[in-house]
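In: quick one: sequence and predicted model below, then my questions.
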Amino acid sequence: MKQKIKHAFLVVMFTLICGSIHAQSQTIKGVVSAEGGLPLPGVTVLVKDTTTGTATDFDGNYEISAQPNDVLVFSFIGYTTREVSVGSKTTINVTLEENLSQLEEVVVVGYGTQKKKEVTGAVAKVSAAEIVKAPVADLGAAIQGKVAGVNIQAASGRPGEAANVQIRGLASVNGGQPLYIVDNIPQEGNPNIPPEQIESIDILKDGASAAIYGIRATGGVILITTKKGKSGNMKVDLSTYTGIQNITSGTPLMNTVEQLYNLEVTTEQLGTEPLTFFFQPDALDFDTDFVGDVQNDNAIVQNVNLNLSGGVQDLTFNFATNYFKQDGVLINSGFNRLSNRITGQFHKGKFKAFATIGFTTENRTQEPWSLYEYAIGQAPWARPLSTIPSVGQNSVELDVGNEIFYSFLSRQLDNIDEREVKSNNIALNLEYEVLKGLKYKLNLGRNEWNFFRKFFQPQYLAFSRDGVFNATASRPQASLDEDYIFTKRETIEHILNYATSFGQHNLNLLGVVSYERFKSRTLGVGVIFDENASNDIQTLGAGAEGVKPNSFDINRTLAGKLGRVQYNYAGKYLLSASYRRDGSSKFSSANKYGDFYGFSAGWNVHDENWFNVPFINSLKIRGSWAELGYEGVSDYSYQPVIETGINYPFGFDEDLEFGSVQRRYTSDIFWETTISKNIGIELGMFRNRLNITADLYQNDKRDMLLQQRIAPSSGTHQPRAATQFNFINVNAGNMFNKGIEIAASYKDQIGDLKFSIAGTFTKNINEVTDLNGVERGYANGRPIQSRGNNVEFTTFLAEGYEAGAFFLFQTDGVIKTQAELDEYNQLDLSNVSTPQLGDMRYKDANGDGVINDNDRVYSGSGQPEFEAGLNLNLQYKGFDFDVQGYYVGGTEIYNGAKLYAYTGGRHRDLLDMWSPQNPTSDIPTFRQNAFHSNVRAASDYFLEDGSYLRIRTLTLGYTVPGITETSGIDKVRVFLTSTNPFTFTSYTGYDPEVGGDGLFTRGVDSGSYPVTRQFMLGVQLNF
C-alpha cells in the first residue's frame, strides 16, 4: 500500500509539472464591478466547463489564461452570474447585476462543500486575506478575535509556541483541542502550517457540523485548505518583513538602597541585625538588575514568503516556501521554521486528482527553567552575571551573600537546550465520476513528526572569595540527555457521493469508510561525564557513566463508518442528518465502538413569496442537535501494565534481582459524550452590505473521565510519586458549556474611500455539574514553579463552578493594632503562622472558628465572561489601513511573579509595608520566610482583574502606482505593522494574556514567558 501511494503521488506530481510547460493560452485581464462602479473583490472567474479559475482582488482586478474559443463565467454571492466569450479580447471588464436571492459562496463542511445558503450548521469561514493580517507564525494567533465562539489565547509568549484554541468552551476536564483537517486529511494536533500557505479556514462549531468526525469532534473541527494553483501565466508572490519585539511591563523590584532599607526595617522587627555587609562588604558597589540581564529586549523577528502558481486548462500547480525566525525576549530562547509545500491539480473528463506534500523543519532554543523567578529573587547588591570572575577551567568565584541561590541562576545560563522537529505530510485525493451524479473518491494521507532534544548541563565549579569549594552551588559533573520521538499517522478513506435533483428537490448522499493508524516511539538516553572532561565535548560516547534509558511505544488505530443525507427543497427548506460509528483501540473490546448522530435543519425565509422586506436581502433560521464523542484518555489506560526495572534484594545475601510490578489499577472506561444543541440566524441587509450571524448553543458533557483516588493499602502510593499511580479512571464527570455568539460585518464605499468593519462577540458559561460525589477537588495551578510541591494549589474542579476556578482564602486586611490581634487570636490559627502586628489576617469564611482549607472561597477563574473582536479596514487610493482590537472581560489572573517577589522580600511594595513606624500600611510585613502566612499562595491578595483591551494589529500600507508599466511587476506594496502595540489593563504583571494549559493554569501567571509588542516593516511584490 505504501509503495502504491508513493507511486501514484509521484505520477500525479510529475504530470502536473511537466504538463504546465506546454501551456499555450492568452492572458485576459479586467475589472469586475457592481452597478454604480463599485469594484467587487472575491468574484470567481472560471473558464466554463473546466476547473481553471481565479478570483478578483480587493480592487476587482483579475487575470486569467484562456483560449479564444473559451467562455469566462463570472459569479459572486448576491449577484447574477454572467458569461462572456473570449474571442480575440485581452481585456474584459464586467459589470454584475445584483440578484440578492443567490447566495453562492462555497463553504467547506467536511467531506465536501455546500453553498453558504444551504448550510444548516454553525460554520465560520476565514479567508486568506484575513489570516495573514497578523504577522505571526501560528495559525491560531492569526485568527484571534476574528471568529465568534472561538477563543484563542497565547499559551505563553515563547517563540514558536502554539496558542490554545477552544471552540465554544472547554472540550473536557481532560483538556481536548479541535480536530485539524488539512486538505481532507486528519492531523495529530496542530499542524503548525505557516499562515501564508493557507487559502482558507472553515470552522465547524456546532455538534451537527462536527459529528461527521465522530470521536474527535467534541472540541470542534478546523478545516484547512492550503493554497492551490490557478491557471494562466506563472504568478510569483514574494513578501517579507523584519521587526523588533520588546517587553512592555514587569514586576517592580527594589534597588540596592531600597532593599537595604527594607532589610533594616525587617530585621528590626525580628529583633536581629542585617548581615549583608558581613557576607559581602562591597554590597554598595552594585545595583544589579537581574531581570534586565536575562531579557533580550528589541529581539529580532523575520519572515520571508515565496509563492509560485501557474498551469493550463485542467493542470495547475502551486509551490510555497516560508522561512520564519523569531529571537526570544528572554536570553537563550528562539525559534525558526522552514516550511515548503507543493500542490497540484489535474482534471481530465470524469477524473480529478489533487496532491500535496509539505516539509517543515523547526528549531527551538529554550530558556532555562524558572528563569524569571530566579532572576527576581536575586539581591540587587550581588555581582552582575556578566562580571563573574573566572578562576580556572569551568570554575568561577561567587563573591555573593548566598552562593547557592545565586548559582541556581548563574549556572543555568550555560545550559544548552535545543529542540528540532522535522515533519512532513502527504495528501492524495483521487475522484472519479462513476455515473452521472455518483462519484467515488479516495483520500490517502501520511503524516510524520520527528522530534529531537539535546539538553546539556556543563560542569560548573563554584568557589567562595576565600577559595573554598562550594559543592552545593556547583555542578561537579556535566551531563547530557538526548530525547527522540518518532511518530507516523496513515489515513485511508473511501468516499461515495451521490447528488441528484428532481423538480425542486435536491438530494446529496454521502458514505465514508475510513481507517487511521498511528504509531509513536519515544526514546530517552543520557550520560554523566567525568569530572575532568571538557565542556566542549558534548556527545553520548564521551560520557563516563550512563543514565538508565527510557522508551515508550504506542500503536493505536481508529476505524469509522459515516453516512450523511443532505436535502433541500428549492434551496428554501434545508435538512441534514448524519450517522457515524467509530471504533478506537484506546478502549476495551466491550467499549471500543461509539455511535454519533447529527441532525440539522434550516429555513431560508427570504425565499418565501410572502416575504417582502426591502432592506432585508437574506434571512435564514437554522437549528441542530448532535451527539459526539471524546477519547481523551492516554493509550492503554484500560489495561493493567506491568512495569520493569523495579529491582529488589532477594535471598540470604540480599542480591539485587530484576523485578516487575503493576503500579496502577484500571477500570473498564468508555467514551466521553457531548450532546450539542444550537439555534442560529443569518441576516443580510441593505444589499448585503450588512451581514449578521447570531447563535445560541448548549453543549452538555457527560461521562467525563475522572481520576478516582484509591486507598494507600492498594500499594499504589509510591515514594516521590504519591499522586502518580494511586487512582483509577472512571466515567463520572458532567459539565456544560452554553453561550451566545454574534458576528457582524459591514462593507461600503464613499467616493475613493473603501471601508469594511467587522465585529465578534462571544459569551460562554462553563459549569461543572458532577464530580462523582466530590464537591471540590482535583487541585492544580501552583503559581510558583521553582519551589515545587511546597507551594499551595489555587485552582480546582468544583460542582457549580467553571472548571479550573480559583478557590482562595479571603484576606481581611493587615493586623494594625493590639485589639485586632487579640480578636484574631480568638480563632483556631493552628494552620497559619503565629500572628503578629503587621501580619495578614484571613477571614473565617464558614464561621466555624478555624482557619483551614474549608475557608477557601470561590474567587473567579481565568475563563473570560465574554470577549469581543473588532476589525476596521480602510482603503483610499494607494493607501490601506487596518486595525484589529480584542477585548477580554471578566477574567481573573493570579500574579505569581508578584507572589514570588513578596516571598523573597524583593517587591517594591514592601518599601511601604507595615512597621511600627508605618502603622497604617495595608501591606503585610515581610518575615524573611517564603512560606509565612503573609505570602501564602492560597491568598486572594495576589489575585487581580485580568480584563484587558488590546490593539491586536495596526497596519499602514501603500501600494506604489505605475509599477507595471515600467518594471513588469504587477504590484509593490510597502507596509508598517505593529502587533500588540497597545494594551489597556489593570493587571500589574507582565501580560494579561495568560493561557497556560487552557484549564487549570489558565489565569495563573507563574512567571510566564511574556507576550511581546512588535513593530515590523515589510514589502509585498507580485509578478
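Out: Great, that's in hand. All values reported here derive from a predicted model rather than from experimental measurement.

In: give the contact list for Gln928.
Out: Residues in contact with Gln928 (Cβ atoms under 8 Å, 6 or more residues apart in numbering) are 266-267, 270, 905. From N, CA and C alone the C-beta is placed, and that goes for glycine too.

In: now with 10 Å, please.
Out: 263, 266-267, 269-270, 272, 904-905 (Cβ atoms under 10 Å, 6 or more residues apart in numbering).

In: give me the buried entries from the residues you listed.
Out: Buried residues within these, defined by neighbour count using 16 or more other Cβ atoms under 10 Å: 263, 266, 269, 904-905.

In: between the contacts of Gln928, which sits nearest Arg517?
Out: If you rank the contacts of Gln928 by distance to Arg517 using Cβ to Cβ, Gly904 comes first, at 51.5 Å.

In: the residue lying closest to the closest one once chain neighbours are set aside: what's it in contact with?
Out: Leaving aside its sequence neighbours, Gly904 sits nearest to Gly377 (Cβ to Cβ, 6 or more residues apart in numbering; 4.3 Å). Contact partners of Gly377, counting by Cβ under 10 Å, 6+ apart, are 253, 290, 370, 402, 405-406, 408-409, 786, 900-901, 903-906, 930.

In: can you mark which positions in stretch 124-142 are buried?
Out: Buried, per 16+ other Cβ under 10 Å, within stretch 124-142: 124-126, 130-142.

In: for the record, mean pLDDT for it?
Out: The average pLDDT for stretch 124-142 rounds to 87.

In: now tabulate the contacts of Gln928 in a markdown table and tack on distance to Lys454.
Out: Putting the contacts of Gln928 into a markdown table (distance: Cβ to Cβ, whole Å) gives the following:
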| residue | distance to Lys454 |
| --- | --- |
| Leu263 | 42 |
| Thr266 | 44 |
| Thr267 | 46 |
| Gln269 | 49 |
| Leu270 | 47 |
| Thr272 | 47 |
| Gly904 | 32 |
| Gly905 | 37 |
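
In: returning to what we had before: with the buried ones among the contacts of Gln928 in mind, which one is nearest to Gly110?
Out: Nearest member of the buried ones among the contacts of Gln928 to Gly110, counting by Cβ to Cβ, is Gly904, at 53.0 Å.

In: so the closest one makes contact with Phe405?
Out: Yes. Counting by Cβ atoms under 10 Å, Gly904 touches Phe405, with 9.1 Å between them.

In: narrow the contacts of Gln928 to those in helices?
Out: Using DSSP state H, the subset of these located in helices is 263, 266-267, 269-270.

In: between the contacts of Gly377, which sits nearest Glu482?
Out: Of all these, Ser370 has the smallest distance to Glu482: 22.6 Å, by Cβ to Cβ.

In: roughly how far does the closest residue to that closest one other than its chain neighbours sit from Asn929?
Out: Of all residues not flanking Ser370 in the chain, Ser786 sits nearest, at 4.1 Å (Cβ to Cβ, 6+ apart). Distance, Ser786 to Asn929, by Cβ to Cβ, to the nearest Å: 16 Å.

In: who has more neighbours out of these two?
Out: Ser786 (17 against 13; other Cβ atoms under 10 Å).

In: so where does that one fall, helix or strand?
Out: According to DSSP states H and E, Ser786 maps onto no helix or strand at all.

In: let's see the pLDDT reported for it.
Out: 90.

In: who's in contact with it?
Out: Contacts for Ser786 (Cβ under 10 Å, 6+ apart) come out as 369-374, 377, 408, 900, 1006-1007.

In: in a strand, Gly467, correct?
Out: No. Counting by DSSP: H, G, I helix; E, B strand; the rest coil, Gly467 is not found in a strand; it is coil.

In: can you give me the neighbour number for it?
Out: 8.

In: and the pLDDT at it?
Out: As predicted, Gly467 sits at a pLDDT of 87.

In: and if you look at the one 5 residues further on?
Out: For Thr472, the model assigns a pLDDT of 92.
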